[in-house]
Structure formats: C-alpha cells, structure tokens
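Trainee: Take a look and give me a structure for this.
(2 chains)
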Number of protein chains: 2
Amino acid sequence: MDIKGATLKSAILVSAVALSVAGCGSDPYPGGTGDEAAGVKIQRDAKGNPRDNGGARRLNKDQAEAIADSLQRSGAKNVILLIGDGTSDQEYTIARNYQWGAGGIIPGVDELPLTGSYTTYSLDKDTGKPNYTTDSAASGTALATGTKTANKSISVDLGGRPQRTIIEIAKANGLATGNVTTAPLQDATPAVQVSHVSNRKCEGPKKTSEKCPQDAVENGGRGSITEQLLQTRPDVTLGGGWKYFQETAAGGKYRGLTLEAQAKERGFHIVHSAAELMSVRRADQDEPLLGVFDNGTLPRLWGKEKAVQGGANEPPVKCSPNKKFTDQTPVLGDMTRKAIDLLSQPKRGFFLQVESASIDKAAHSADPCGQIGETVQLSDATTVALEYAKKHKDTLVIVTGDHAQSSQIVGTGVDTSGLTKNLMTADGVPMTVNYGTALKGEDQQHSGVQVRIAAYGPGAANVVGLTDQTDTFFLITDTLGLDRKKK
Amino acid sequence: MDIKGATLKSAILVSAVALSVAGCGSDPYPGGTGDEAAGVKIQRDAKGNPRDNGGARRLNKDQAEAIADSLQRSGAKNVILLIGDGTSDQEYTIARNYQWGAGGIIPGVDELPLTGSYTTYSLDKDTGKPNYTTDSAASGTALATGTKTANKSISVDLGGRPQRTIIEIAKANGLATGNVTTAPLQDATPAVQVSHVSNRKCEGPKKTSEKCPQDAVENGGRGSITEQLLQTRPDVTLGGGWKYFQETAAGGKYRGLTLEAQAKERGFHIVHSAAELMSVRRADQDEPLLGVFDNGTLPRLWGKEKAVQGGANEPPVKCSPNKKFTDQTPVLGDMTRKAIDLLSQPKRGFFLQVESASIDKAAHSADPCGQIGETVQLSDATTVALEYAKKHKDTLVIVTGDHAQSSQIVGTGVDTSGLTKNLMTADGVPMTVNYGTALKGEDQQHSGVQVRIAAYGPGAANVVGLTDQTDTFFLITDTLGLDRKKK
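Mentor: Below is the predicted model of the structure:
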C-alpha cells in the first residue's frame, strides 16, 4: 500500500516526465471506486514540428465532449485544494518553458480540464474599500472562509471576528482533514485553515503576547497560530516551523509546557523525516499526524540563482539541485500522496489543502530557479492528486494561486530597470526572467492581477470564467455538501 | 436598421455601464434567427457587501448547466474574433479596477462563459527554436494561419512561404469577411489576415522596395501590405494608415497610380469619418468598404497619463478624454456594429476580425490611461459582438490578446525600479500601476506569459484549458466548416 517516496524525490531532480509514471500500479487507496482512469484525458503538449502549419497545436479534436464529461454536477466526497503561493500565468509559463519546453505541458497543472481566473483583492483595514494587492493572509482567509479581510489577518473579518474555515466546517461535518505545506505550519496559507488571529506574525505564544494580546491564551484568547493548530486538530498536518513548538504556553491548561509537549499530551504522533513519514500507517482524531520537517521553511528543491541588475547580458545558467534538500526532507508530491493515503476512507470523505509555498518566497527574492523548482513541486503534487481523482471520481481537485507575483518573461537578452536572469531552458535556448516590482535592495512585490484557477471533478465547472477567490470557499463546501453552521 | 453611434461614443466616456443598454431594441441584422438572447446569462459582478461572508462572491449558483448550455458542438455560420493587442490578465484587471471597480466586471469580456489560456511563443528565424516573447507579427500570423513563424514576419513561414489566412480561406469558401482595427491597416494584426511579407515594415511600396524587395510588385512580388490588402479585398476594412495610400505603385497593372487611386479603380467605397461610415448601406465584392480614419493610428479614446520614476509617491489622477478624439473618429464598438451589420446576411456566413490595437501601444509607452481607455474600447466591441451572437446562436465570439504586455498592479504607493502611476479608481481608492520591463528612456517590452482566451457560441469549448495560439486558427476554420485548401 505504500509509495515510492525515495525514488520519486530523485526522479523530480532528474526529469519531471518520470513523475507521471512514478505513481502506483494498483489502486493503493482504500474505499475508492477502483475504476480505471476512464473519461476525460487531457493531453495538451504540442506533438508536431513547430515550423509546420498546425505543428504547434495542442488540441487534436473538438473538446466539447471532454468538457461535457467533466461537468459532473453531483457532489464530491473529497476535495483536494492545491495552492501555489504567488503563482499564476507568469510563474506557470516560466516553469513550463524552463522544465518542459514552450510546447510542453506542466504535468498535472496543464491536465486540469476546466480553467478560469479569480479576483484576489483584499480590503483596507480602516475604510473597508479594496486593497488591490492582497497578501497571503487575506487571500488565504478569502479561500478558507469566504470572507474578504485586511492584509495580515488570519481568518478573522475586518471587525476581528473569527470566520469558520473549510477544515473546521469539514471536521464538524465528520470529514477527515489534512493541511500540507512546504512553509512553516504557522505561515499564512496553512494558518488560515486552523486558526484565527489578527496578525499573521503571531505564530507562537511569545509574539502573540506582544502583537495579538487579545488572542493570547493568558488573556482568555484562542492562543497563537501553533496553539490553535493543535486545538483544531486536523488528522494530518505536514510542513515546517518546528521552532515555534519549542515556545512555552503562557496560560491555560498547558501553561508552562512547550507546545511540543502539549502536542504529545494531546496525542499527536510527531514525525520529523521523510522516512518516518513514509512509515506512518494511520492518522485520525485519536492519533493525529504532525509531521514537522524543518525549524522554518522546508528547503527548496532547487538551489538559488538570483536575478541581478544587468543579468540579461550574462550567459544563461541551468538550475541545480539544492544541497540543503536532504533525504530527511520529503518532497511535496510524497507528502501529498501520504496525506491522501491516510485520509482516504471508504465511509467518509476528506478535505486536504496542499501548498507549495516557496514559489512566492523565491519570487520575493528574485530567484527564478528557486521559483521554478517549487513550481515543479506543485506540478508533482497536482499529478498525485489527479491520479487519485481519476480513480475516485467523487473527488474534486482544484489548483490555484493565492495571489500573483512579480516575475515576467521578457525578450531574451533585453535588459530592464529591474533584476534579470538568463536561464537555459529545456528547448536549449536562453530565456530572460525579469523582476521589476521593487526598488534596489528591497523584496519584490506581489502583483494584483487576477489569478488562474483550474479544476477536475464534480463541481469543477464553477471555476470557469471570472470568479472571486471567495467563490472557491463556497464551491468547496457546497460540493462537499457541508452544513456551514454545523458545530 | 442603423445604430446609435454618436450616443455610444459619449456613453463610453461617461459610464461604461451605459454600454450594455446602448444596443438595439429590435434585431437590426438581416438573416438572424431572431430568437431572444435566451440560454446562458453570465453575470459575474459581486452583489454583496465585500466585508460580509460571501459578500464578494461572483457566482450565485452552480454553473455546470450554464457551461453545458454553451457547449454547442454544431458548427458556426459566423465567427467574430476580437483581439486586444498586448492584452491579458494584467491589462484586464487594471482596466476592471479603474473603470468598474474590483468587484465589477468588464462588460462583454467577463461575460464570455468559456475561458482558457494559450501559449504565444514564436520561432527564432535562424534556429527554428522557440522565441519566448513574440511580437504582434508572429503572433498574428499564428492566429491567422496556424503557422508559427519568426518575429516581424507577416503570414509567411520560417522559409518565407506564404501561409493562407482565415480571411483568404473564408473568402474562397464563399463567406463575407471583415477586418477592423484602431491601428493603421498595415499594422501587424490587421496585416496578417490580408498579406504575406517577410518584414512588417513593408507597409507601402517605398519600404517594400527597400526592405522586402522580393515582395515588391516591380520584382514580380505580391506587393506591399497595402497593395495586398486591396488585392485580398475583404468586404469591410476599417482602420487607420491613410498615408500609405498616398504612395505610388512601382510596377504592375497600377504602376504610377497612388494606392488611393488604385483602390478607387478597383471599386472600393472609401470613407473617412464616423458620419460617413454610419451612412454606408452595403459592402460586398462589387463595392468593398474601405474606411480609413487617420493617417496613422486612430486617436486613443482617453488622454495620456504617463508613468514616471517615483510615480507611486505622487497623488492619484483620474483619466480624461483625449481631445484629439473628435466626432470624425469612430469608436471601436461602432465600427464593430457597422461591420457586423454589413456582413450579416441570410444565406452566407461571415468572418470578422476586430482589433483594439492601442492597448499595446499605450503599454509600450507606460501610459496606463491610454491603455485602459483602449481596453474599454475592447469591452465595448465585445459587448456589441456578444449582443449579436446571443441573437444569432450560430455565431462564435472569441476574445483574446495576441501577446501580453508589461503593466502590473503593485502595492498602492509602493515604489519600484520601473515607472509607476497612481490612478484613482471607480472604487474611490488609488491603484499603483507599474511598468518595469525597460531600461530608462526605452519602450516597455512585451511579456512572454501565456495569454487569456475566452469565447461564446459553437466551438467555444475549445478555448478552455491550455491551448496554443495556432489552435485558434484551426478552431475558427473548423467551426466554420471551411475547406482550408479551397481556392
């Protein structure tokens, strides 16, 4: 029943094409329908010589039937929501050109049959009017709760009132739940599913006392993001941020204990390495799984190659594996497969959120190789989710970004006022990537552009066209048939 | 039977909401089915208070049925292809925020039910490998002919061989054809439908002798873009570029005549003002319509407000009407409506291409107001096309960009290394637009990102997901049931 984790990890570094075959020969999941991946098969790589008339085409027949096939209106038993932090068309095109070539596809991501865009604006804390460039806290809140809020807010509305999250609602309705990320578990995107604080920086008890005193346990609040994570208690929680578990609770039942000790008291099964993760056989409310694989953010798959002023004039480089990414670190695809494996049950459904977090982090620091490597991780995780969904047709898979980032493809070798880098792509030609949204020495900014969303499975039609990020919350909870008020 | 041109023009400047009612009370088109615009009705503006849970939602019910309704697989009688030059998600979001507010919709554009993205890469002239940032010539060629080629090439392949265009194929199959733009008719996007030259600069006989001697009439070639335009002879041709008609043919049957005189000899009905255009009652092969409304590019609807270094720190401005846009200049929506009016016939179908050209031109010069005004023109033209298609269900409407541009929304008031401008939006808050793809003093560059495509009508399902630009040529010709070899 278990999975080729070690081979998968090295496969990503060598060739992403290998991923599509790195899955499982027989259905490893209990409770599925077990039917073969019949139905819609989306193949969108160009198959001809691009010089020829029609050679660059991606479609080989009318797809109305394929689309109709994917318009299953019945509800879903399971939903897998994959989020590329800071990821939209620019980041996808850069990764596709580099790793698979301009005529290729991003496995998983480009195989989702239904596509659209959503608006991501957040709200100004004081005026309640739009803020056109959201951060991951407000955009994550919109996705997780259906409520627009101010930047920095974690699943509280403009008035500071907690908004119920998909994981909370799913749990109350009897579903299994999972939360997987390459970021610290306290980072905005995982945090919005399991906690409610006024400031995203309140990761542990210490900063919560300082920055979110009304949320602190010692003041009768719900506690830091880490403490609330333990209270919300998803069945599977995988990511980084171990350092916050070393802080000590300042009040309540677990006062004086570290959050690590608290987690143990509360019955969490804690693992710290890829090998330990792969050996886990159960995760439920009796023994929830807490996998924490780094003190902070998990290492990126690929090493840094930072864009610089005048980089468009330098020779192109290839990206390399990140030496800090050891055997101890699970790749996102393996974390996703293990989470699905543990959550998938015959008699009840699950909701799983998976985040590739460092696409955004690498873009902030103008590092195209870091960014692309983590987009490859997103592709890998999506392939895993799609494999499962094709065998379990009662599963909705959604892939989106929480907001867009700075990176742009510009003319090869053409310099800009920003930071640029030449990469040698899978096509064997240089591509120039530009980061032009920051002053010298500062972090690149998010962009406020509408963001791509794509889906497969029951309810997927609702991502087509223009929607808002908050629609996704209603899509997921409605498709799962959840009672959003149920306690 | 004719149309509220003058009122429409002023309506755009005042309020774009007025556009949706500025159409025609009764069906003005001969030959349509006359049925009411039943079927899919896409309303995607947010209707609630954005502070409330669910208040920013755009969907109010499951849309699987609506999507299924729009999956008409039968062929189309008519196709209207609308192109925003240099237009994708960034340009759309900037225009939406400014003109309609973050929770609003772009009329027409955001009402198209089926959406996807396509890749736009062109080919390197020497190696045949991908060039990740196409120009409008190569991308227009891909759209018009289904063949990838090198930048600067107008509907010839890498070997210089002419590739048949949609307008040429449609004509050979007995359809009426139209080509409408706000650019000079010799500009890349209109030119690719009616001519075949190795260099986009060969607009008239003079430059053709210099830069494309093999194409020059005096050397036995097909002639300049303008001369080929007259030879290809669409039923309706509307745009700018009158100066090239003052050049003199250097060879062939019309040697020594200006191209204006040649057009008259060939039976074209030439008009030069909005009023003259509105009074035209027929356009066909006996008397094709040639409307040329400027020596060069048509004036932009809105005046310039250029982004500058440090512009993020300046007070926000509102865009203003462009004083050079006189009563003599038709708006794109009116040109579109008149073209449809003239091409729409009971017994045969039509193909019409409509381009809003100066979205790209304004972005090149970092002018967000110019850019937004021309996106409003694209919205207006799309609304007109969609009104027609909803009454004539045998019509496929496609809206896309030929490539993406430089503009990005960044944090309000946050400066960048590029050029920035603060605009006061319809939401009553400032939005900062950044242009960061050029060195100081140079034109902003195109971006190589995949580009949004959206559609309504028979065949529209084929834009969903990831396609390539060349797929659009096959979609259009297949949906119209054209024999691509027919002479």
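Trainee: what's the spacing between stretch A:66-73 and its chain's center?
Mentor: 25 Å (CA atoms, centre = their mean, to the nearest Å).
Trainee: Are we agreed that A:Asp471 is in a helix?
Mentor: Yes: counting by DSSP: H, G, I helix; E, B strand; the rest coil, A:Asp471 is part of a helix.
Trainee: got the contact list for it?
Mentor: A:118, A:462, B:57-59 (CB atoms under 8 Å, 6 or more residues apart in numbering or on different chains). (Glycine included, C-beta is placed from N, CA and C.)
Trainee: Apply 7 Å and report the result again.
Mentor: A:118, B:57-59 (CB atoms under 7 Å, 6 or more residues apart in numbering or on different chains).
Trainee: Can you list the buried residues in stretch A:220-240?
Mentor: By neighbour count on 16 or more other CB atoms under 10 Å in any protein chain shown, the buried set for stretch A:220-240 is A:221-230, A:232-240.
Trainee: Kindly reformat the contacts of A:Asp471 as CSV containing secondary structure.
Mentor: Shown next, in CSV, are the contacts of A:Asp471 (three-state DSSP):
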residue, secondary structure
A:Tyr118, strand
B:Arg57, coil
B:Arg58, coil
B:Leu59, coil
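Trainee: Most neighbours among these, which one?
Mentor: B:Arg57 (25 neighbours; other CB atoms under 10 Å in any protein chain shown).
Trainee: Pull the contacting residues for the closest residue to chain B within the stretch 351-487 of chain A.
Mentor: Closest approach between the stretch 351-487 of chain A and chain B, counting by CB to the nearest CB: A:Gly436, at 2.4 Å. Each residue near A:Gly436 by CB under 7 Å, 6+ apart is listed here: A:406, A:416-418, B:416-418, B:436-437.
Trainee: now, the most widely separated pair of the residues you listed?
Mentor: Spatially, the most separated pair among the contacts of A:Gly436 is A:Ser406 and A:Ser417, at 12.9 Å (CB to CB).
Trainee: Among the buried residues of stretch A:220-240, which lie within strands?
Mentor: A:236-240 (DSSP state E).
Trainee: for the spatially most central residue of chain A, helix, strand, or coil?
Mentor: In chain A, the C-alpha nearest the mean C-alpha coordinate belongs to A:Glu355, at 1.9 Å (CA atoms, centre = their mean). State at A:Glu355, reduced to three classes by three-state DSSP: strand.
Trainee: what does the one 5 residues further on give?
Mentor: Here A:Asp360 is helix, with the state taken from three-state DSSP.
Trainee: try A:Glu287
Mentor: Taking three-state DSSP, the label given to A:Glu287 is coil.
Trainee: So it is in contact with A:Lys264, correct?
Mentor: No: in this structure, A:Glu287 is not within contact of A:Lys264 by CB atoms under 7 Å, at 11.2 Å.
Trainee: Could you point out which of the ones in strands among the buried residues of stretch A:220-240 is nearest to chain B?
Mentor: So of those, ranked by how close each gets to chain B (CB to the nearest CB), first place is A:Thr237, at 25.2 Å.
Trainee: What residues does the closest one make contact with?
Mentor: A:179, A:185, A:229, A:288-290.
Trainee: for A:Val433, same thing?
Mentor: Counted by CB under 7 Å, 6+ apart, A:Val433 has contacts A:94, A:307, A:368, A:407, A:409, A:420-421, A:423.
Trainee: Same question for A:Arg452.
Mentor: A:88-89, A:115, A:117, A:400-401.
Trainee: what's the answer for A:Pro50, then?
Mentor: By CB under 7 Å, 6+ apart, the residues touching A:Pro50 are A:56, A:103, B:123, B:148.
Trainee: The third one: neighbour count?
Mentor: Pointing back at B:Leu123 there. If you count neighbours by other CB under 10 Å, B:Leu123 ends up with 25.
Trainee: Go ahead and list the helix or strand containing the residue nearest to it when sequence neighbours are not counted.
Mentor: Leaving out its chain neighbours, the residue that sits closest to B:Leu123 by CB to CB, 6 or more residues apart in numbering or on different chains is B:Lys148, at 5.1 Å. For B:Lys148, there is no host helix or strand (DSSP states H and E).
Trainee: cool, and A:Val79?
Mentor: Residue-wise, A:Val79 maps onto strand A:78-84 under DSSP H and E.
Trainee: Closest one of the contacts of A:Asp471 to B:Ile169?
Mentor: Checking those against B:Ile169 by CB to CB gives A:Tyr118 as the nearest, at 37.0 Å.
Trainee: excluding its backbone neighbours, what's nearest that closest one?
Mentor: In space, and not counting its chain neighbours, A:Tyr118 is closest to A:Thr467: 4.6 Å by CB to CB, 6+ apart.
Trainee: A:Gly116 is in contact with that neighbour, correct?
Mentor: Yes: with contacts counted by CB under 7 Å, A:Thr467 reaches A:Gly116, the gap being 6.1 Å.
Trainee: quick revisit: OK, contacts around the residue nearest to the centre of chain A?
Mentor: Shown in contact with A:Glu355 (CB under 7 Å, 6+ apart): A:83, A:85, A:180-183, A:189-190.
Trainee: quick one: which of those residues sit in strands?
Mentor: Per DSSP E, strands hold the following members of the contacts of A:Glu355: A:83, A:180-183.
Trainee: Around whichever residue of the stretch 151-300 of chain A sits closest to chain B, how many other residues sit close by?
Mentor: Closest contact between the stretch 151-300 of chain A and chain B, by CB to the nearest CB, is at A:Leu158 (5.2 Å). The number of residues packed near A:Leu158 is 20, by other CB under 10 Å.
Trainee: separation between the residue nearest to it when sequence neighbours are not counted and A:Ser122?
Mentor: Sequence neighbours aside, B:Arg51 is the residue nearest to A:Leu158 in space, at 5.2 Å (criterion: CB to CB, 6+ apart). For B:Arg51, the distance to A:Ser122 equals 11 Å [CB to CB, to the nearest Å].
Trainee: quick one, which of the two is more surrounded?
Mentor: Neighbour totals were compared for B:Arg51 and A:Ser122, and A:Ser122 leads with 29 against 15 (other CB under 10 Å).
Trainee: and that one, backbone torsions?
Mentor: With angles defined as degrees, to the nearest 10, A:Ser122 sits at phi -100, psi -170.
Trainee: wait, what's in contact with the closest residue to A:Val156 other than its chain neighbours?
Mentor: Closest residue to A:Val156 apart from its sequence neighbours, by CB to CB, 6+ apart: A:His196 at 5.2 Å. A:His196 makes contact with A:154-156, A:162, A:222, A:228 under the criterion CB under 7 Å, 6+ apart.
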